[in-house]
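In: following is a predicted model, sequence given first.
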Amino acid sequence: MKTNFKRVLLLTILIATIGCANKSKKVTEKVIKENHLTAADILGNPKYLAISYGGYRQVSREIQPTIPELKEDMKILAAMGIKILRTYNVQLQQAPNILKAIRALKSEDSNFEMYMMLGAWIDCQNAWTDKAPNHEIESEANAAEIDRAVSLAKAYPDIVKIIAVGNEAMVNWATSYFVRPNVILKWVNHLQKLKTSGELPETLWITSSDDFSSWGGGDPSYHTKDLEKLIKAVDYVSMHTYPMHNSHYNPAFWLAPENENNLSDQEKIESAMQRALNFSKKQYDSVSNYIKSLGVKKPIHIGETGWATVSNGHYGVKGSRATDEYKSGRYHELIRDWTNKANISCFYFEAFDERWKDAANKLGSENHFGLINLKGQAKYALWDLVDKGVFDGLTRDGNPITKTYNGDKVALMQNVLVPPTPAEFSVSH
């Protein structure tokens, strides 16, 4: 009996040892795999959903989110299926702290997976000052911003897979700070040289994230030799498209046509949302066609698109009537469906509401692009995920993730307006 007991005990220990070894081997293999995943592997892969992220809760960015708050947000985003974040600058502490938060989460849970498109902010001379911006000369602060981005990419190669030089830094309507393409080209070439020399990982992708027109998809005045050189220098093109904004600035596609007079309100709204999706598709195609006309073949992904849920300005009741939770949710659904099927990464704007963007105007649209509001409530776009229980046990600032409107769609739809006719729009303007 004692002999048999010893044999059973030894066998049990052996099996447990082998099991632990196999588990350890799988964890090691997973870590190795994640460390070797590149931008080429994750961009355009629908299993790696992307989002634009800012964790600011207060009316000023001087109050930085803490690492525990950032970890809280990372868990929420991971529950949504998000695996790639886009940040905008390394002037402030948020981006470095996000990287610290992700690394901490990975050390706590070997299954946690999150990557980053790290943005380096680029300005022209005199940007954001009382002096006139000089769009022909870059800010002296740009070099230090690029250096900070390089340092973070070197310190976190398992997380930072992309560096974006500038955010809407070439589009002419960014009057406070835009630069010419030669400035972006200079820094893209600088980063590419660091890759060639081995100072940065060879697989790190370099891009600039800008409006579709800045990439040649709009006004021909953007079609310059420097832009051609830039398109050839980046690893992929990151373009922005915003049908919501264009519902005011370029409203022809959005306004309710006369041939829809006999449709129900719901049918008119759905027709408008389909036109909004087609608007973005056409902007994507316009960039693609321009790049092809140069004899260049480069991946194109959507670096930013989104739809606000509130506006007391251009997009609200007295404007294009575009902003509400239903239309925002429908756009999110449509754009995700298209881009996932087309193998296009879409850095949806944005994860959470941020009230610093228009601090003086609580109901300004810029404060309300988030899929989750500042009370921890999932907007209509994410109601289905709440129903599936993906947020169970998760909180934001002490609040469990619940539905806006208490999940009452009838109440939500009471705030949904039909887009105006051309006549109604002209009267309001």
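Out: That came in fine, so what should we check first?

In: please make it C-alpha for all contacts and neighbour counts, starting now.
Out: Fine.

In: now do the contacts for the residue positioned nearest the centre of the chain.
Out: Residue closest to the average C-alpha location in the chain (Cα atoms, centre = their mean): Ser52, at 2.4 Å. Taking Cα atoms under 8 Å, 6 or more residues apart in numbering, we find Ser52 in contact with Leu85, Arg86, Thr87, Glu304, Phe347, Tyr348, Phe349, Glu350, Ala351.

In: Ala78: which of those residues is nearest?
Out: The closest of the contacts of Ser52 to Ala78 turns out to be Leu85 (Cα to Cα; 10.4 Å).

In: wait, a strand at that closest one?
Out: Yes: secondary structure of Leu85 (DSSP: H, G, I helix; E, B strand; the rest coil): part of a strand.

In: give me the three-state assignment for the nearest residue to it once chain neighbours are set aside.
Out: Nearest residue to Leu85, sequence neighbours excluded (Cα to Cα, 6 or more residues apart in numbering): Met116, at 4.7 Å. Secondary structure, three-state DSSP: Met116 is strand.

In: read off the pLDDT value for Met116.
Out: Here the pLDDT value assigned to Met116 is 98.

In: run a quick neighbour tally on it.
Out: Residues near Met116, counting by other Cα atoms under 10 Å, number 27.

In: let's number from 638 now, not from 1
Out: Got it, the first residue is 638 from now on, which makes the last one we talked about Met753.

In: what's across from it in the sheet?
Out: Leu722, Val797 (DSSP bridges).

In: might one say that it is in contact with Arg723?
Out: Yes: Met753 lies in contact with Arg723 (Cα atoms under 8 Å); the separation is 5.9 Å.

In: got the phi and psi for the closest residue to Tyr879 other than its chain neighbours?
Out: Excluding the flanking residues, the one nearest Tyr879 by Cα to Cα, 6+ apart is Thr942, at 5.5 Å. Here is the backbone geometry of Thr942 (degrees, to the nearest 10): phi -160, psi 150.

In: next one: Thr942 from His882, what distance?
Out: In this structure, Thr942 and His882 are 10 Å apart, going by Cα to Cα, to the nearest Å.

In: have a look at the two and say which one is more surrounded.
Out: Thr942 (24 against 18).

In: quick one: contacts for that one?
Out: Counted by Cα under 8 Å, 6+ apart, Thr942 has contacts His877, Thr878, Tyr879, Cys983, Phe984, Tyr985, Phe986.

In: now rank these by neighbours and give me the top one.
Out: Cys983 (29 neighbours).

In: OK, contacts around it?
Out: Applying Cα under 8 Å, 6+ apart, the residues near Cys983 are Leu686, Ala687, Ile688, His938, Ile939, Gly940, Glu941, Thr942, Arg973, Thr976.

In: just the strands in the stretch 638-787 of the chain please.
Out: Using DSSP state E, counting those that start in this stretch, the strands assigned to the stretch 638-787 of the chain run over residues 686-689, 719-723, 752-757, 761-762, 771-775.
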